Structure formats: structure tokens, C-alpha cells
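sequence-free structure coming up:
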């Protein structure tokens with residue numbers, strides 16, 4: 001005769017309920033990090049799945065959720081970063097590159113706003129910096145002295161002697177002392193002697209002769225660069241107006257550059273009212289006889305028949321003298 005089991009205990013055939021398995025701690029970490037720090041969510045998710053497979057712990061669902069969130073947020077973050085880099089580069093290139101066909105340029109330069117009135121910045125000429133560039137100088141030359149330069153006399157006479165005639169200049173030392181200091185230094189060292197003016201533009205929006213590159217390619221320079229002055233210093237760098245074309249009048253002498261702060265040795269002579277954003281330093285003017293010389297050069301046009309390229313009439317600078 002069998003004896004029934006004592007009260008309070010289950011029959012032997014039913015056994016005891018299995019003990020609850022612990023939740024894997026890295027699975028919890030994977031889920032949290034998948035939301036807050038996506039890459040860690042991916043790492044912890046893979047580790048926790050491996051541990052769960054080995055130990056049988058709970059938490060597989062959390063580990064998978066952490067992995068999914070980690071991958072999604074990581075991909076999203078990478079896409080945002082790529083878009084930000086592309087947008088930033090586009091803005092920089094838009095500032096650097098002049099394109100007459102883009103919105104804001106008028107078919108009649110006379111309708112474009114003139115350059116702003118000059119208001120001397122408090123730091124004008126107080127700390128001229130000519131910093132070395134990765135590109136070596138096209139022709140051996142020493143940079144100008146750095147630091148404070150005088151803003152008097154207000155104007156300095158200069159002359160460019162070319163094989164096409166003399167171009168008289170009046171350098172505006174009171175307005176762009178660092179730029180005038182640079183031009184005078186290069187002239188004194190003979191940097192411009194024997195160089196050709198490599199670019200002529202003849203469009204309705206832009207009429208300039210560009211010079212100052214000993215290589216004659218438009219890529220050469222003195223091996224250093226320096227910041228912009230007037231009219232750039234009349235604007236905040238974040239001001240959208242700095243990208244709006246203004247009228248650089250006939251007779252203007254200005255620096256060419258590859259973007260703000262990249263002035264070197266290349267300059268351009270404006271022979272007709274032209275439209276440019278105010279990111280090209282104006283440092284002087286051209287006299288009447290010099291403009292006559294430029295008119296003859298421009299009248300011959302561009303060598304390839306376009307409105308921008310090497311002048312059909314070769315223009316060689318024999319010397320530049322700054323009084």
C-alpha cells in the first residue's frame with residue numbers, strides 16, 4: 001500500500017519549478033548605449049549575444065534592440081557628418097569662386113552698389129602678418145617686415161613699366177597699409193621684374209588685367225600670404241553682404257586671391273567698372289595714362305577669343321618702382 005506524500009509538497013512526478021535565469025548585464029548596457037552612444041551599443045550588443053549563447057542568460061531581445069538602434073543611429077550620424085562637410089565645402093568654394101552668371105550679378109555694372117565708405121578699423125596697420133604657405137615661392141623673395149607699419153603718408157606713388165607702356169599708380173597707404181607694405185617690398189626685391197600679366201577678362205561684368213605671378217600660370221606666389229584689408233574689413237565675416245557683388249570702379253588696383261586671407265603677390269588692374277564680392281583688397285588707383293595702356297591691351301582681346309584668358313597682346317612687366 002503506497003503512502004501519500006506529505007501535505008505541502010508537490011507530487012514527485014511534477015518536480016520543482018526551474019530557477020529564474022539572470023539577465024545579461026551587457027544586454028542592458030547595449031540597449032542603453034544604443035540610444036545614448038550608438039557605437040558602444042553595437043559593441044556591447046555583440047558581446048552580450050555571445051555571452052547569452054554560452055550561458056543561457058536572459059536579455060537576448062534587449063541585446064538585439066541595442067544592436068539595431070546602435071547601427072541605425074551610427075549610420076544616421078555618419079550621414080549627417082558627410083552632409084555637414086559637403087555643405088561647409090560648398091559655402092567656402094562659393095565665397096572663393098567668382099561666377100558672373102550666378103544670381104546677384106547685373107548686366108549693367110553701373111546698377112551695382114559701389115564699394116562702401118572706408119571707416120578705419122581700430123587695428124589698421126597695427127599687426128601686419130605675412131605667414132609662410134606650404135607652396136614655395138615661385139621666385140626667391142623675403143617676406144616684408146611684420147608687425148606695425150605706418151599709415152602715413154596717406155598715398156604713395158608707384159609705376160609699373162611694361163613693354164606696352166607705363167602704368168602709373170597711387171597706392172592707398174592710409175586704407176591698406178599691410179598690402180601697400182607688401183607691394184613695396186616685392187617691388188624693391190625685383191619680384192615682378194620680367195614677369196608677364198597672365199590673365200585678361202573682357203566680359204561686361206569683369207574687365208581686369210591680372211599680373212604678379214612669375215610663373216605666368218596664375219598659381220604662383222611669394223611663398224607667404226596675408227589677410228584682407230578694405231573693403232573686406234568693413235564687413236563682419238558672417239555678414240551675407242560680403243558675398244554680394246559690388247562695383248569695383250574703373251581705375252582700381254586690387255589684390256587677387258584664392259579666398260579671404262590668401263593674398264600674396266598677384267594683383268589686378270581694373271580698366272572698366274567690374275562686379276566682385278568685397279573680398280578683394282583695394283590698395284590703390286591707376287592714373288589716366290595707365291588706363292590708356294590698359295585700354296589698348298584690352299582692345300586686342302583674349303588670345304583664345306574668349307572673354308577670360310591669356311591676353312592676345314603679351315604684357316611683360318619690366319620693373320615696378322615704388323617712390
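Noted; the coordinates are in hand. Because the structure is a prediction, the values reported are computed rather than measured. Residues are numbered from 1 along each chain as shown.

What average pLDDT does the helix or strand containing residue 50 get?
Element membership for residue 50 (DSSP states H and E) is helix 38-55. Taken as a whole, helix 38-55 has a mean pLDDT of 83.

what bridges to residue 158?
As for beta bridges, residue 158 partners with residue 169, residue 322 under DSSP bridges.

Can you get me a residue count around it?
20 (other C-beta atoms under 10 Å). All C-beta atoms are positioned from the backbone trio N, CA, C, and that covers glycine.

ok, now how distant is it from residue 229?
Distance of residue 158 to residue 229, given as C-beta to C-beta, to the nearest Å: 17 Å.

one step back: what is the helix holding residue 50 packed up against?
Contact partners of helix 38-55 among helices and strands, from 3 or more C-beta pairs under 8 Å, 6 or more residues apart in numbering; DSSP states H and E: helix 25-36, helix 60-96.

In terms of secondary structure, what does the lowest-mean-pLDDT helix or strand in the chain contact?
Sorting the helices and strands of the chain by mean pLDDT, DSSP states H and E puts helix 60-96 at the bottom, at a mean of 76. On a contact count with 3+ C-beta pairs under 8 Å, 6+ apart, helix 60-96 meets helix 25-36, helix 38-55.

Quickly list the domain ranges of the protein.
For the chain, the TED database gives the domain ranges 25-97, 131-322.

can you give me the strands for this structure?
131-132, 155-162, 165-172, 195-196, 199-201, 207-211, 224-225, 246-248, 252-255, 267-272, 274-276, 282-286, 308-309, 316-322 (DSSP state E).

how about the ones you listed, which one is nearest residue 43?
Comparing the strands of the chain against residue 43 with C-beta to C-beta, the closest turns out to be strand 131-132 (43.4 Å).

mean confidence score for the closest one?
Mean pLDDT, computed over strand 131-132, is 98.

Also stretch 253-271?
pLDDT averaged over stretch 253-271 gives 97.

Sort out which residues of it are buried, please.
Residues of stretch 253-271 classed as buried: 253-257, 260, 262-271 (neighbour count, 16 or more other C-beta atoms under 10 Å).

Next, count neighbours for residue 136.
Neighbours of residue 136 using other C-beta under 10 Å come to 12.

I'd like to know how far it sits from residue 183.
Distance of residue 136 to residue 183, given as C-beta to C-beta: 21 Å.

Likewise for residue 47?
The value you get for residue 47 to residue 183, if C-beta to C-beta is used, is 65 Å.

re the thing from before, what angle do helix 60-96 and the helix holding residue 50 make with each other?
160 degrees (axes from the mean of the first three to the mean of the last three C-alpha atoms, to 10 degrees).

With distance to residue 125 as extra columns, can I get the domains of the chain in JSON lines?
Formatted as JSON lines, those follow (distance: least, C-beta to C-beta, whole Å):
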{"stretch": "domain 25-97", "distance to residue 125": "25"}
{"stretch": "domain 131-322", "distance to residue 125": "4"}
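
For residue 209, find the nearest of the helices and strands packed on helix 60-96.
Minimum separation from residue 209 across these (C-beta to C-beta) falls at helix 38-55, 55.7 Å.

can you pull the buried residues of the closest one?
Within helix 38-55, the residues that count as buried by 16+ other C-beta under 10 Å are 38, 40-49, 51-52.

Let me know the closest of the residues you listed to residue 242.
residue 38 (38.1 Å).

What is the neighbour count of residue 68?
With other C-beta under 10 Å as criterion, residue 68 counts 15.

And for residue 236, nearest residue in space, chain neighbours not counted?
Spatial nearest neighbour of residue 236, excluding adjacent residues (C-beta to C-beta, 6 or more residues apart in numbering): residue 242 at 7.7 Å.

how about that neighbour, what does it touch?
Listed by C-beta atoms under 8 Å, 6 or more residues apart in numbering, the contact set of residue 242 reads 95, 232, 235, 236, 277, 278, 279.

ditto for residue 195
Contacts of residue 195 by C-beta under 8 Å, 6+ apart are 211, 212, 213, 214, 216, 316, 317.

again, 10 Å this time
Residue 195 is in contact with 138-139, 211-216, 220, 265, 315-318, 320, counting by C-beta atoms under 10 Å, 6 or more residues apart in numbering.

next one: residue 152
Counting by C-beta under 10 Å, 6+ apart, residue 152 touches 125, 173, 174, 177.

Columns neighbour count on top of the residues you listed, output as a markdown table?
Shown next, in a markdown table, are the contacts of residue 152 (neighbours: other C-beta atoms under 10 Å):
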| residue | neighbour count |
| --- | --- |
| 125 | 22 |
| 173 | 23 |
| 174 | 19 |
| 177 | 24 |
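
now those residues as a markdown table including pLDDT and distance to residue 307?
Shown next, in a markdown table, are the contacts of residue 152 (pLDDT from 0 to 100; distance: C-beta to C-beta, whole Å):
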| residue | pLDDT | distance to residue 307 |
| --- | --- | --- |
| 125 | 97 | 37 |
| 173 | 98 | 34 |
| 174 | 98 | 35 |
| 177 | 98 | 34 |
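
Residue 34: which of those residues is nearest?
For the contacts of residue 152, the minimum distance to residue 34 (C-beta to C-beta) is 57.3 Å, reached by residue 125.
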